[in-house]
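Asks: Sequence plus the predicted model coming up.
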Amino acid sequence: MRIRSQTLAIAVVGTISVGFTINLIASVLMFGSLPHDGIMVVAMVAFFVPHYLHIRAALRGQAFRGFPVALLVQAVATYAPSLAFGGMWYFWIAPMVPILMGSVLLRLRFAVALPIVACAMAVHAWVFTTVPPGGSLSSGFYFAITVFVTGFVIYAVTRLVVVTRELERARADLAEAAVLKERLRISRDLHDGLGHSLSAIALKGDLARRLVERDPAVAAGELEELVRVARDAAQDVRQVARGFREMSLSQEVDRGVALLAASGVRCHVNLADVEVPKVVGETLAWGVREGITNVVRHSRATTCSITTSLRGRAVRLEVVNDGRIEGDGGPAPVSGRSGGGGGLAGLRERAEQVGGSVVAERVGDSGFRLVMEIPVPDASSLGTAAGPGTSELSQPEVTG
């Protein structure tokens with residue numbers, strides 16, 4: 001059986017309260033008179049009702065406000081009855097002050113509570129060292145330490161409940177955020193990956209249908225290519241499900257050139273002869289995929305260019321076509337975070353994860369340009385030989 005932290009805290013505080021006062025109650029009942037018994041009952045009610053309110057509020061994580069009236073009542077109930085008990089004063093003071101310090105630590109800010117605890121320890125040490133009966137140095141030291149330890153135990157177990165509850169809430173929030181992040185990742189990867197593949201399948205299927213009677217051999221080749229693209233799409237789905245997608249800029253450019261050529265779009269490729277970290281290359285590859293997908297699915301372009309260049313400490317990718325992207329939302333350029341479809345939104349998220357940016361805007365009357373800039377952490381490594389964890393960006397110019 002699992003014990004809840006709040007139940008454990010209440011049990012600890014209750015044990016301290018009962019354990020510390022049971023000797024007091026027994027002593028007053030045995031050696032005191034009937035008025036002493038009445039004073040004890042009234043004083044305990046006046047002490048433990050505020051004590052319960054402080055513990056309850058602390059366990060609920062409620063902030064204390066205003067003047068500490070309840071704490072003042074508890075302090076009076078701690079010290080005032082000792083004046084009426086005569087020679088039994090130490091039976092009352094010894095257990096009640098340590099419990100009071102727990103309320104002081106819970107109710108007041110540490111800057112105020114710690115000096116009060118220190119004063120209570122000093123008074124306890126002096127009283128139980130010098131005042132008879134039984135005054136001694138060892139008694140003074142013992143009761144001073146009791147004030148400190150008891151007060152902080154009450155404070156610690158109560159705060160432990162609050163901290164545990166906050167941690168549980170934080171863990172639930174993190175789990176929910178992780179689930180949402182994973183859903184967004186799957187949605188983004190399916191859109192970016194399958195959108196491109198399905199566009200290629202539809203295009204090649206339409207091309208094969210038109211060629212099947214006029215040129216069966218070419219149509220058969222297109223159908224074989226369609227099957228290959230479909231298999232790649234199935235592999236993409238498996239990779240998305242496993243959370244692993246590895247992209248290569250050069251391979252993505254090759255696929256994009258082939259897809260554009262099949263669509264009747266002339267493609268000009270000019271990739272800078274530089275090498276960047278793998279994560280940067282993969283992000284640029286996603287940019288190429290999104291740009292080509294938009295050209296094939298949403299434009300009437302006849303030419304397209306794919307260019308990478310080094311701009312200071314950043315690598316710049318430009319995908320430009322001469323056919324306006326249909327449905328881009330009016331004459332204003334689509335840039336920054338505003339505008340754009342789900343694909344551009346996902347691409348911006350990928351770029352922002354590596355400190356980059358994406359701008360999509362019109363060029364002239366009918367053109368469209370997608371620009372992505374990704375900073376390179378170590379610009380001095382650009383242009384060196386490829387090594388582990390790098391992605392090669394160099395490729396000769398291609399005209400399709």
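Replies: Perfect, I can see it now. No experiment lies behind these values; they were computed from the predicted model shown.

Asks: Which pLDDT value belongs to the residue nearest the centre of the chain?
Replies: Closest to where the C-alpha atoms of the chain average out (Cα atoms, centre = their mean) is Leu174, at 5.6 Å. pLDDT, Leu174: 78.

Asks: Secondary structure element for it, which one?
Replies: helix 137-211 (DSSP states H and E).

Asks: Can you spell out which helices and strands pack onto that helix?
Replies: For helix 137-211, the packing partners by 3 or more Cβ pairs under 8 Å, 6 or more residues apart in numbering; DSSP states H and E come out as helix 5-31, helix 34-59, helix 89-107, helix 110-130, helix 216-242, helix 249-262, helix 278-298, helix 342-353. Where you see a C-beta, it was placed from the backbone N, CA and C, and this is true even at glycine.

Asks: how many degrees apart are that helix and helix 216-242 in direction?
Replies: 170 degrees (axes from the mean of the first three to the mean of the last three Cα atoms, to 10 degrees).

Asks: Run the angle between helix 137-211 and helix 278-298 for me.
Replies: 40 degrees.

Asks: Helix 137-211 to helix 89-107, inter-axis angle?
Replies: Using the same axes, to 10 degrees: helix 137-211 against helix 89-107 is 20 degrees.

Asks: can you list the weak-confidence ranges in the protein?
Replies: 1-3, 133-135, 179, 181-186, 188-196, 237-246, 324-342, 378-400 (pLDDT under 70).

Asks: Give me the domain ranges for it.
Replies: Domain assignment for the chain by automatic domain parsing gives 5-172, 248-400.

Asks: For the ones you listed, give me JSON lines that also has mean neighbour count and distance to Ala220.
Replies: Formatted as JSON lines, the domains of the chain follow (neighbours: other Cβ atoms under 10 Å; distance: least, Cβ to Cβ, whole Å):
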{"stretch": "domain 5-172", "mean neighbour count": "16", "distance to Ala220": "57"}
{"stretch": "domain 248-400", "mean neighbour count": "18", "distance to Ala220": "15"}
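
Asks: The nearest residue to Leu71 once chain neighbours are set aside and Met44: what is the separation?
Replies: Nearest non-adjacent residue to Leu71, counting by Cβ to Cβ, 6 or more residues apart in numbering: Arg107, 4.9 Å away. For Arg107, the distance to Met44 equals 19 Å [Cβ to Cβ, to the nearest Å].

Asks: ditto for Leu24
Replies: If you go by Cβ to Cβ, the gap between Leu24 and Met44 works out to 9 Å.

Asks: Doesn't Ser305 belong to a strand?
Replies: Yes: judged by DSSP: H, G, I helix; E, B strand; the rest coil, Ser305 forms part of a strand.

Asks: Beta-bridge partners for Cys304, please?
Replies: For Cys304, the beta-bridge partners are Cys267, Asn321 (DSSP bridges).

Asks: what sits against it?
Replies: Cys304 makes contact with 260, 265-268, 292, 295, 319-322, according to Cβ atoms under 8 Å, 6 or more residues apart in numbering.

Asks: May I see those residues organised as TSV, with distance to Ala9 added?
Replies: Formatted as TSV, the contacts of Cys304 follow (distance: Cβ to Cβ, whole Å):
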residue	distance to Ala9
Leu260	68
Val265	70
Arg266	74
Cys267	69
His268	71
Ile292	61
Val295	64
Val319	61
Val320	66
Asn321	66
Asp322	71
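
Asks: what's the closest of those to Pro95?
Replies: Val319 (78.9 Å; Cβ to Cβ).

Asks: pretty sure the closest one is in contact with Gly287, am I right?
Replies: Yes: assessed by Cβ atoms under 8 Å, Val319 is found in contact with Gly287 at 7.1 Å.

Asks: what residues do the two have in common as contacts?
Replies: Listed as contacting both Val319 and Gly287 by Cβ under 8 Å, 6+ apart are Leu370.

Asks: In contact with Ser27, which residues?
Replies: Counted by Cβ under 8 Å, 6+ apart, Ser27 has contacts 88, 91.

Asks: Check the one 4 residues further on too.
Replies: Taking Cβ under 8 Å, 6+ apart as the criterion, Phe31 is in contact with Met88.

Asks: ok, now Met121?
Replies: Residues in contact with Met121 (Cβ under 8 Å, 6+ apart) are 144-145, 147-148.

Asks: Recalculate using a threshold of 7 Å.
Replies: In this structure, Met121 makes contact with 144, 147-148, judged by Cβ atoms under 7 Å, 6 or more residues apart in numbering.

Asks: Distance-wise, check it relative to Ala111.
Replies: Using Cβ to Cβ, Met121 is found at 17 Å from Ala111.
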